[in-house]
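>>> coordinates only, no sequence provided:
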C-alpha cells in the first residue's frame, strides 16, 4: 500500500500544527463557532448530540496492521473503547473531547493517517472496491488511481470551498462494490479497443433528500487526463453549483437543472479550455503509484475444499464470509461487524487489535474496510481458514451472515447523530432478533437492508433491497419502508411502499415482506429478482396485512 | 491608511475602492457593474484602474480589455463561498492576467490565505479586524502542496508538474 515519504509526512504534520492553532484560537475565544466550524469540519470534526464526533480517513479503505492498532489505542485513550466503521470506509469516534482532537490527529500522523476532508464542503475520502487487487472480474486495480486522486484533492486550493460535499468512488471491476453510481463522481476503469486503460466517468449520483443515479458523461477518459478532467468537472460545479440553498447545492442538482447533455458540454468545453494548464498524470507517476500496490508475495498453491469434513458452523462461515480470490489456494475473508445484538459497523479496541494481529500472521499485514461496514482480510491461505475462523469466532467477529438480511447497513442514527430524526440501532437489534435463526436467514438468501435515521441517507436506504428511513412524527420515531433499491451493478432506487410504521413494528413488517417473497419465489430466485418480476403490489399488500397471530 | 499583504510583505495600500474617497486621477478599484453603467466616466479615467468582480461574475467577460486594469479584485463575501478561487485560476492560467490579483471581502481571513496565494492571488486585503502579521505567517504554513501552483507563484516542492 502507499507509504508516506518525507513530503507527505511534513504535510500531515503541518496540517496538525495548523489545526492545533485553530483549536487554541477557538477555545481562547478568538475564533467564533461560526468561523471555526468550516475549519474543524475539514479536519473531520463534527459537534454531535453528546460530544464531538471525529471521522478519521481510511483512504479507499486500506489499513496496515500498525494503523489499525493505533486506531484501537486511540479509541481506548480518547474515547470509549470502540469505533464505528462507515459506508465510506472511514472510522468514526463518538466521544472525543474537543481539546484532545489536535493530539489525536498528531498521533494519527505518526502512523501516516489523518482526518483531512472527511467532512465539510470539499472533496471527501476517495473510496474503492474492497476487493481491489484480488477480485476475479477486475480490469485493473483502482487503488493507485485512488491515491493519485487523494493527493490531488488534498487541500486543493481551488476546490476546498465547494458549494457542498463531494464524493468520488473508483472501481475496477464489472461488479460495483463501491456504490459508485450514487457518488458525485463515479470512475469505472475500462480498456479501450487498443487495450489502453482509462475511465468511464459518471457524474451527479447521490442519495440524500433527492436520490439520483449518476449519468455517464464520458465513455472513455485516458489515464493521463484523469486530473485535468476532474478539474474541469469541479470547476464547472464550483462556479455554477447553487450556494443559496443547502438542499440544492450538490452537483446532482446542477446536472439535473442543466440537463445531462448540457452539463457534459460545459465540462467538455471547460476541459478543452483548461487542458494546456491542467495537471497531467504521467506514465511515470502511474508507475510510481502502481508500485505501491503490487500483489503481495503469494505462494504457489492449489485450491482446496477448505470446508470438507469440518463442522457445520465453519462450513456456514466459509460459505457466507469468504470470497473467491484470483490466486489459487487463497480466499478473501470478511470479518463480520454485524454480530446479532451489536451495532452495525462497530468494533471494540480489542477486536481491532485481534484483527490487526491476525492480518499480520495470515494476510500480509493489511486490513480493508468495506462499504457495507465490515472488515476484510484479503489474502488468506485456504489451509489457514479454519484457524482464522476460530480466532474471529472467539472475538465475536465470525457471525456467518455476510450478504444476508442481518448484514445490514445502518448509520448511527438518533443515538449519536444530531441530524437524525429517529434511531437506527434499536431497530437493527429488533431485526437481528427477528431473524436470529440462521437456517431461516440462509433460506432467504441475499437480501440487503439499508437504514438511515434521516433524509441525509448516510445509511443508503434508497439503494437497499429493503430500505428503512427514520422519520419524526410529532416527536415519535416512525419508519418509512422502501423496496427494490440496489447499488450493485444494476443501480436502482427503491420505492416507498406505503405509510410509515412505528418503531416496534419495523422488524415484524420486514418479517411479513420476506414471507411474501418466500411464497412467490421460484426455486433459487433471489429476493431482488422476485421483487422485480412480480412488482411491488404483493409486497405492499403483505407488508400491511395484520400479523396472523394478531388477526 | 489600509495595509495589505502583497506577496509576502505587509505594505501600505496604494489603491482605494470606489466610494472610499474622491481619488481624482488616482488608483481606484471599481465594481464591474459600476464600470459598465458609468462606462464613459471610466473610459476617460486618467489614473490607474482596477475592477472588482462579484462571485457570480465571469472573468471571461474581461478578456478583451484586461490591459485596462492594473488590478483585479475578487470578492469573497464569506469564507465558505469558494467561487473566487476559480475566478483567480481563470484569470491567471487561462486569461494570462499579469497585474495585481487581490482577494477582498469579509471572507478573507488568515485561515484562507494559503489557498488564496496558491490560486494566484498576489495581494490579500484582509477582512476588518484580521491580524495582518498572523496572516503573513500563515502564507508559509505549508511546505508541501499536491497540486501545481498558479503561474508565477513560487513553489518549493510539488507532486505533479505542469
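Yep, it's here. Remember, it's a predicted structure, so these values are computed and weren't measured experimentally. Numbering: from 1, shown residues only, chains lettered A, B, ... in the order given.

>>> tell me which helix or strand comes right after the helix ranked longest in chain A.
If you go by DSSP state H, chain A has its longest helix at helix A:6-27. Using DSSP states H and E, the next helix or strand after helix A:6-27 towards the C-terminus is helix A:33-41.

>>> ok so, going back, what helices or strands is the longest helix of chain A leaning on?
Judged by 3 or more CB pairs under 8 Å, 6 or more residues apart in numbering or on different chains; DSSP states H and E, the packing partners of helix A:6-27 are helix A:33-41, helix A:101-110. Using the backbone N, CA and C atoms, a C-beta is placed for each residue, glycine as well.

>>> what's the neighbour count on the residue lying closest to residue A:153 once chain neighbours are set aside?
Excluding the flanking residues, the one nearest residue A:153 by CB to CB, 6 or more residues apart in numbering or on different chains is residue A:123, at 3.8 Å. Around residue A:123 there are 25 other residues, counting by other CB atoms under 10 Å in any protein chain shown.

>>> got the contact list for residue A:28?
If you count contacts by CB atoms under 8 Å, 6 or more residues apart in numbering or on different chains, residue A:28 has none.

>>> what's the separation between it and chain B?
13 Å (CB to the nearest CB, to the nearest Å).

>>> residues of chain B that sit close to chain A?
Listed as neighbours of chain A in chain B under the rule CB under 8 Å from any CB of the partner chain: B:79-83, B:85-86, B:89, B:93-94, B:109, B:111-112, B:114-116, B:118-119, B:141-148, B:151, B:157, B:159-162.

>>> change it to 7 Å
By the rule CB under 7 Å from any CB of the partner chain, the part of chain B lying against chain A is B:79-83, B:85-86, B:89, B:93-94, B:111, B:115, B:118-119, B:141-144, B:146-148, B:157, B:159-160, B:162.

>>> helices - which of those residues land there?
Checking these against DSSP H, those in helices are B:83, B:85-86, B:89, B:115, B:118.

>>> picking that back up, of all the helices and strands packed on helix A:6-27, which lies closest to chain B?
Set against chain B and scored by CB to the nearest CB, the helices and strands packed on helix A:6-27 come closest in helix A:33-41, at 5.7 Å.

>>> the helix or strand following that closest one: partners in the sheet, and parallel or antiparallel?
Counting by DSSP H and E, the next helix or strand C-terminal to helix A:33-41 is strand A:45-47. Strand A:45-47 has the following strand partners under DSSP bridges: strand A:52-56 (antiparallel).

>>> just to revisit the earlier point, the residue nearest to residue A:153 and residue A:210, how far apart?
The spacing between residue A:123 and residue A:210, counted by CB to CB, to the nearest Å, is 21 Å.

>>> could you do residue A:460 as well?
To residue A:210, residue A:460 is 14 Å away according to CB to CB.

>>> check residue A:419 too.
Noted for residue A:419: a distance of 16 Å to residue A:210, by CB to CB.

>>> all helices for the stretch 351-500 of chain A, in order.
Taking DSSP state H, counting those that start in this stretch as the test, the helices found in the stretch 351-500 of chain A are A:385-394, A:425-434, A:438-444.

>>> in this structure residue B:48 contacts residue B:27, no?
Yes: contact status for residue B:48 versus residue B:27: in contact at 4.0 Å, counting by CB atoms under 7 Å.

>>> in the stretch 101-250 of chain A, what residue comes closest to chain B?
For the stretch 101-250 of chain A and chain B, the shortest gap (CB to the nearest CB) falls at residue A:161, measuring 2.8 Å.

>>> so what's the residue count around that residue?
Neighbourhood size, residue A:161 [other CB under 10 Å]: 25.

>>> the spatially closest residue to it that is not a sequence neighbour and residue A:160, how far apart?
Leaving aside its sequence neighbours, residue A:161 sits nearest to residue B:82 (CB to CB, 6+ apart; 2.8 Å). Separation of residue B:82 from residue A:160 (CB to CB) stands at 7 Å.

>>> next one: residue A:448
Residue A:448 is 35 Å from residue A:160, by CB to CB.

>>> and the longest helix of chain A, which residues are buried?
Within helix A:6-27, the residues that qualify as buried are A:8, A:11-19, A:21-23, A:25-26, counting by 16 or more other CB atoms under 10 Å in any protein chain shown.

>>> now do the same contact list for the residue of the stretch 101-250 of chain A closest to chain B.
Applying CB atoms under 7 Å, 6 or more residues apart in numbering or on different chains, one finds that residue A:161 lies in contact with A:121, B:80-82, B:85.

>>> you'd agree it is in a strand?
No: membership of residue A:161 in a strand is not supported by DSSP: H, G, I helix; E, B strand; the rest coil, which gives coil.

>>> what pLDDT does it get?
pLDDT, residue A:161: 98.

>>> and what of residue A:51?
For residue A:51, pLDDT reads 76.

>>> got the contact list for it?
Residues in contact with residue A:51 (CB under 7 Å, 6+ apart) are A:94-96.

>>> could you measure from it over to chain B?
From residue A:51 to chain B the distance is 24 Å (CB to the nearest CB).

>>> not counting sequence-adjacent ones, nearest residue to residue A:416?
Take residue A:416 and drop its neighbours on the chain: the residue closest to it by CB to CB, 6+ apart is residue A:94, 5.4 Å away.

>>> how many neighbours does the one you found have?
As a burial measure, residue A:94 scores 22 neighbours (other CB under 10 Å).
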